[in-house]
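# got a sequence here, can you build the structure:
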Amino acid sequence: MTAYPNPDILAETDWLAEHIGDPGVLVVDCDEFPAFMRLHIDGAVGLRTHHYFKATGDSASGPGIGTHIMDPESFAETMSRHGIGDDTQVVAYDNMGGLYAARLWWALDYHGHSKCRVLNGGFRKWYEEGRPVSMEMRHVERAQFTVRGVRDDTCARLDDVRAAIDDDDTVIWDVRAKGEHTGEDQRANKHGGHIPGAAHLEWLDMTVSPPVRSGLLLPPDEISRKLAGAGIVPEKRVITHCQAGIRAAQAAFVLRLMGYPRALNYDASWEEWGNRDDTPIVT
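Residues are numbered from 1 along each chain as shown. Now for the predicted structure:
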């Protein structure tokens, strides 16, 4: 099998087993904290915050979960109290197909921290291989996390997406389920449908199935073939979107892994686009 073009942001279970005890390596369980308490990778820490890393506010994602990523100061404080410092090598995992792990990867990268890997296959693969798991709660030492500069080139805003509709150099990649894309599934939004011209390829199509949400990525040649079939090619800038920027973060991670040089996550996604009256929508 050919290698992923940018393998340093991915961790295989063998790699993690070799490095889990290394100084400066921190394994982060990105599932909801009750799930972490039930069982987790031995030595991992759990997130005592919502794994979307959104600014405070109410949205369709739930009360207290805003539409946009939290501000740099709040994010730095959140990382610091979870033991993530400037030089920490983070290994993120979840049991939800890689969604929440990729969200942490994207949030860290957006805030200038490039030392994060996502565990391929997540908790499921680690557990099925019989590797060490635990219910013990690790003591977390506070660290010093510094935002080294917000990477605006990885986050698309409303005006960026508006401009992208008629830009031949940009592909808008809608990673939602088919029903969301067509508008049949409106969820809790004011409007259903999709952004004009958006390519549709569900985020799950990048992973091995069954089981659904395995979190195990397809081989790179297969991913490349699927992306190209949808018109998502490395020569173009690609803006990913979903409902709240979480599935889109996983897609942005895949694009980075595959060596796409211009991959952006529309963080506000349909949460914003589908609840306005001035955004063009196709149904």
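# contacts only, for residue 145.
Neighbour list for residue 145: 75, 76, 77, 79, 80, 84, 85, 86, 113 [criterion: CB atoms under 8 Å, 6 or more residues apart in numbering]. C-beta coordinates here come from the backbone N, C-alpha and C atoms, glycine included.
# surely the second one is within a strand?
No: using DSSP: H, G, I helix; E, B strand; the rest coil, the assignment for residue 76 is helix, not a strand.
# distance of it relative to residue 114?
Computed as CB to CB, to the nearest Å, the residue 76 to residue 114 distance reads 15 Å.
# these two: which is more packed in?
Taking neighbours as other CB atoms under 10 Å, residue 76 and residue 114 compare with residue 76 leading, 19 against 11.
# wait, isn't that one in contact with residue 143?
No: contact status for residue 76 versus residue 143: not in contact, 10.3 Å apart, counting by CB atoms under 8 Å.
# ok, back up a step: ok, so of the contacts of residue 145, who is nearest residue 227?
The shortest distance between residue 227 and any of those, using CB to CB, involves residue 113 and amounts to 26.3 Å.
# number of nearby residues for that closest one?
As a burial measure, residue 113 scores 24 neighbours (other CB under 10 Å).
# where do the strands sit along the protein?
10-11, 25-29, 40-41, 45-46, 89-93, 116-119, 133-134, 155-156, 170-174, 199-200, 237-241, 263-266 (DSSP state E).
# for residue 70, which of those is the nearest?
Distance to residue 70, taken as CB to CB, is lowest for strand 155-156 among the strands of the chain, at 12.4 Å.
# show me what contacts the nearest residue to residue 213 once chain neighbours are set aside?
If you skip the residues right next to it in sequence, residue 213 has residue 97 as its closest partner in space, 3.3 Å away by CB to CB, 6 or more residues apart in numbering. Going by CB under 8 Å, 6+ apart, residue 97 touches 122, 204, 207, 212, 213, 214, 215, 250.
# of the residues you listed, select the buried ones using a PyMOL command.
Here is the PyMOL command that selects only those of the contacts of residue 97 that count as buried (16 or more other CB atoms under 10 Å):
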select buried, resi 122+204+207+213+214+215+250
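# any chance of the contacts of residue 97 in CSV, plus pLDDT?
Converted to CSV, these look like this (pLDDT from 0 to 100):
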residue, pLDDT
122, 98
204, 98
207, 98
212, 93
213, 96
214, 97
215, 97
250, 98
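# picking up where we left off before, need the winner for burial among the strands of the chain.
Sort the strands of the chain by mean neighbour count, taking mean count of other CB atoms under 10 Å, and strand 263-266 sits at the top with a mean of 28.
# run through who's touching it.
With CB under 8 Å, 6+ apart as the test, strand 263-266 has contacts from 106, 153-157, 160-161, 172, 237-241, 245, 248-249, 251-252, 255-256, 273.
# in the chain, where is pLDDT below threshold?
When residues are selected by pLDDT under 70, those of the chain lie in 1.
# same thing but at 90, please
Low-confidence regions of the chain, defined by pLDDT under 90, span residues 1-2, 58-64.
# how does the protein divide into domains?
Residue ranges for the structural domains of the chain, counted by automatic domain parsing, are given in the record as 7-134, 152-273.
# thanks a lot, catch you later.
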